[in-house]
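Q: Only the shape, not the letters, is given here:
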């Protein structure tokens, strides 16, 4: 069982930056690949970024590539999402998720993830 807790959300102006954190409970964090998803009001939850267990492989949605960066610190049981050049359309609740499958296959499918956090709100004003 893995529990995930996100933090770091807030209100920021367009063009600004935020760094989200997701802390995992337990001693097996390094056994899980991690993903970030987001859900805007009225929209379905969508994939944002993925990082492998070791951190050696990352993958991004096209809408955030070159603006967002995912990283992890296995010693701290934490995965991060650095978000730069934020746009109003990035406004959403951001969720981290964990899965045992350690490849980029089907990274964007929610059902491929085993554990989810409760989410943190990110609001970007224009």
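A: Good, I have the coordinates. In this text, all values refer to a predicted model and were calculated from it rather than measured experimentally. Residues are numbered from 1 along each chain as shown.
Q: does residue 43 sit in a helix, a strand or a coil?
A: Here residue 43 is recorded as coil under DSSP: H, G, I helix; E, B strand; the rest coil.
Q: Run through the residues that contact it.
A: Listed by CB atoms under 8 Å, 6 or more residues apart in numbering, the contact set of residue 43 reads residue 92. (Each C-beta comes from the backbone N, C-alpha and C, glycine too.)
Q: Could you do residue 35 as well?
A: 47, 48, 49, 50, 51, 96, 97, 98, 99, 107, 113 are the contacts of residue 35 under CB under 8 Å, 6+ apart.
Q: Over to it: give its phi and psi.
A: Residue 35 has phi and psi values of phi -140, psi 160 when expressed as degrees, to the nearest 10.
Q: Can you name the residues bridging to it?
A: residue 50, residue 97 (DSSP bridges).
Q: ok so, going back, with the contacts of residue 35 in mind, which one is nearest to residue 4?
A: Nearest to residue 4 among the contacts of residue 35, counting by CB to CB, is residue 96 at 5.2 Å.
Q: Kindly state the pLDDT recorded for the closest one?
A: Looking at residue 96, its pLDDT reads 98.
Q: Out of the contacts of residue 35, grab the one that's most surrounded.
A: With neighbours set by other CB atoms under 10 Å, the maximum within the contacts of residue 35 is found at residue 96, which has 30 neighbours.
Q: what residues are up against that one?
A: 4, 6, 20, 22, 34, 35, 36, 37, 79, 81, 116, 117.
Q: With residue 9 instead?
A: Applying CB under 8 Å, 6+ apart, the residues near residue 9 are 18, 20, 93, 94, 120, 121, 122, 123.
Q: Now the buried members of the residues you listed.
A: Buried subset of the contacts of residue 9 (neighbour count, 16 or more other CB atoms under 10 Å): 18, 20, 93, 94, 120, 122.
Q: If we ignore the residues flanking it in sequence, what's nearest residue 39?
A: residue 45 (4.1 Å; CB to CB, 6 or more residues apart in numbering).
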